[in-house]
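Colleague: I would like the atomic coordinates for the input below:
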Amino acid sequence: MSEENRGQTPILRSIKLGSVPYFLVAWTALSLSGAALAHGDEDHSQDKGAPTAAPQAPTPGAGAAPQRLADASLWLPKAVQRQLGIRTRLAEIGEQAATVELNGKVIADPGSSGRVQATFAGSVMPGPRGMPAPGRRVKKGEVLAFLRPVSSAIERGNQKSQLAELEAQLAIADGRVRRFEQLEGAVPQKEIDAARIERAALQKRRAFVSASIDSAEPLLASATGVISASHHLVAGQVVDAKELLFEIVDPAHLAVEALAYDVSIAKTLVSASALAEQTSLELQFVGGGQQLREQALPLLFRITTRDAAVAVGQPVKVIVRTAQGIKGAALPRSALTKTGVGDTVVWVHAEAERFVARRVRHQSLDAASVAITEGLATGERVVVEGAGLLSQVR
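Modeller: The predicted structure is shown next:
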């Protein structure tokens with residue numbers, strides 16, 4: 001090292017030696033780390049367990065898409081709320097009528113339905129309008145089909161033999177009546193009347209035996225309504241005696257049968273309704289039996305809802321309102337929704353654009369509404385329309 005550079009700082013020596021790039025790199029590193037070096041003497045050992053800040057809702061300029069916040073609440077802009085049709089209602093805790101849920105099924109009203117059965121073994125033949133099909137409207141007394149009797153060869157031979165014998169007896173009786181009529185006045189009148197009565201009786205016996213061999217019996221509709229089942233009958237099908245052929249149901253007169261395991265329900269019942277999937281039905285209590293069936297008391301209700309979209313045999317949930325009371329908030333059934341783990345929740349409108357899922361307990365009031373017994377407070381605004389859409393936001 002020369003005498004000229006001796007005693008100078010290393011940085012000045014690097015500048016004079018042409019090491020400008022290394023100086024710039026060092027200066028840039030010092031500038032970028034200035035903020036960190038400014039707190040180099042402070043103790044940050046206590047910041048490791050410091051709590052993080054609460055999640056903040058996005059600002060209006062951050063986007064119009066709904067977002068799930070870190071605390072599991074939902075941020076939903078006003079514009080999106082209007083598009084989804086979100087509607088809310090204030091929760092009011094009060095006394096509600098207690099209800100009991102019963103399992104039931106739709107049945108045909110016993111007073112307006114009917115069945116057609118085979119009175120004897122025979123072959124089914126088409127009626128004047130062809131073979132009845134499900135859905136066809138019929139009137140009481142209308143001929144649906146004909147039932148032609150069938151028998152074995154021995155039975156058929158015996159019937160024909162009996163018919164021949166009756167025809168011979170009828171010919172003898174007819175000849176006797178004609179002779180007596182020619183001798184009227186010489187023969188007592190009582191013998192003439194007896195011969196005529198005997199001839200009439202033989203004529204009827206012959207007609208009955210002949211009908212059992214050749215003629216077919218008409219099958220008449222036992223009620224006015226719609227054929228609900230024909231049991232896949234086709235022309236020429238042979239059926240047994242007492243076999244069910246057709247079932248007739250009036251769609252305007254349907255009923256619901258429910259099983260009550262508490263026999264006192266019938267005495268405390270105030271009103272009832274039913275829920276068939278998503279269809280709400282209004283019911284009118286008809287009465288209950290006095291004999292247990294499968295350890296339960298059968299209750300009969302008549303469906304009063306017009307044009308109800310239900311079918312005979314469809315299972316329904318019957319909601320019976322009793323005279324007892326419970327405490328809760330009455331809300332539409334549409335306010336309830338399910339979470340991913342299966343919990344029942346309602347959405348509470350906590351702020352203008354923020355919704356919170358609240359886990360609740362509920363009890364049915366009728367087919368369209370429920371009572372929230374736990375999880376809500378008076379004055380909270382609950383989403384009653386569009387709750388299912390909020391649960392889909394991820």
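Colleague: low-confidence ranges in the stretch 51-200 of the chain?
Modeller: Applying pLDDT under 70 to the stretch 51-200 of the chain flags residues 51-64.
Colleague: And the strands in it?
Modeller: Ranges of strands within the stretch 51-200 of the chain are 67-68, 74-75, 87-90, 93-108, 114-117, 122-126, 137-138, 143-149, based on DSSP state E, counting those that start in this stretch.
Colleague: List the buried residues of the third one.
Modeller: Neighbour-count burial for strand 87-90 flags 88-89 (criterion: 16 or more other Cβ atoms under 10 Å). For the C-beta atoms, the positions are set from N, CA and C on the backbone; glycine is no exception.
Colleague: Check which helices and strands that strand sits against.
Modeller: For strand 87-90, the contact count by 3 or more Cβ pairs under 8 Å, 6 or more residues apart in numbering; DSSP states H and E identifies strand 381-385 as packing neighbours.
Colleague: Leaving out the residues flanking it, which one is nearest to A97?
Modeller: Spatially, and ignoring its direct neighbours in sequence, A97 is nearest to R321 (4.8 Å; Cβ to Cβ, 6 or more residues apart in numbering).
Colleague: what's the helix or strand for the one you found?
Modeller: strand 315-332 (DSSP states H and E).
Colleague: partners of that strand, with directions?
Modeller: strand 93-108 (antiparallel), strand 269-276 (antiparallel), strand 369-374 (antiparallel) (DSSP bridges).
Colleague: Please identify which of the strands of the stretch 51-200 of the chain is closest to D366.
Modeller: Closest to D366 of the strands of the stretch 51-200 of the chain, according to Cβ to Cβ: strand 93-108, at 7.2 Å.
Colleague: Quick check: buried residues in the closest one?
Modeller: 93, 96-100, 102, 104-108.
Colleague: re earlier: relative orientation of the strand holding R321 and strand 381-385 in degrees?
Modeller: Counting by axes from the mean of the first three to the mean of the last three Cα atoms, to 10 degrees, strand 315-332 points 140 degrees away from the direction of strand 381-385.
Colleague: Tell me the helix or strand right after strand 315-332.
Modeller: Taking DSSP H and E, what comes next after strand 315-332 is strand 337-338.
Colleague: Figure out how far that following strand is from the centre of its chain.
Modeller: 18 Å (Cα atoms, centre = their mean, to the nearest Å).
Colleague: Which pLDDT value belongs to the residue lying closest to L254 once chain neighbours are set aside?
Modeller: Spatially, and ignoring its direct neighbours in sequence, L254 is nearest to I303 (4.7 Å; Cβ to Cβ, 6+ apart). In this model, I303 is scored at 93, pLDDT.
Colleague: Wait, I303 touches V256, no?
Modeller: Yes. I303 is within contact range of V256, at 6.3 Å (criterion: Cβ atoms under 8 Å).
Colleague: These two: which has the busier surroundings?
Modeller: In this view I303 and V256 are compared by other Cβ atoms under 10 Å, and V256 has more residues nearby, 26 against 22.
Colleague: burial measure for S273, as a count.
Modeller: So S273, with other Cβ under 10 Å, has 25 neighbours.
Colleague: what does A72 give?
Modeller: Using other Cβ under 10 Å, A72 has 10 other residues around it.
Colleague: just to revisit the earlier point, what do I303 and V256 both touch?
Modeller: Common neighbours of I303 and V256, counting by Cβ atoms under 8 Å, 6 or more residues apart in numbering, are 106, 274, 281, 283.
Colleague: so which helix or strand takes in the third one?
Modeller: By that I understand L281. Going by DSSP H and E, L281 is in strand 279-288.
Colleague: elements contacting that strand?
Modeller: Counting by 3+ Cβ pairs under 8 Å, 6+ apart, strand 279-288 packs on strand 254-260, strand 269-276, strand 297-303.
Colleague: Now distance to D174 too, for these, in CSV please.
Modeller: Formatted as CSV, the helices and strands packed on strand 279-288 follow (distance: least, Cβ to Cβ, whole Å):
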stretch, distance to D174
strand 254-260, 57
strand 269-276, 67
strand 297-303, 59
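Colleague: among those, which is nearest D71?
Modeller: Comparing the helices and strands packed on strand 279-288 by Cβ to Cβ, strand 269-276 comes nearest, at 34.5 Å.
Colleague: buried residues in the closest one?
Modeller: 269, 272-276.
Colleague: what's the answer for stretch 334-354, then?
Modeller: Buried-residue list, stretch 334-354, by 16+ other Cβ under 10 Å: 334-337, 345-349, 353.
Colleague: out of those residues, who's nearest E184?
Modeller: Distances from E184 to these, taken by Cβ to Cβ, are shortest for S334, at 91.5 Å.
Colleague: Surely the closest one touches L389?
Modeller: No. Using Cβ under 8 Å, S334 makes no contact with L389, being 11.1 Å away.
Colleague: Now for the closest residue to E294 other than its chain neighbours: which residues touch it?
Modeller: Computed as Cβ to Cβ, 6+ apart, the closest residue to E294 that is not its neighbour in sequence is L259, at 6.9 Å. Contacts for L259 (Cβ under 8 Å, 6+ apart) come out as 102-104, 293-294, 296-299.
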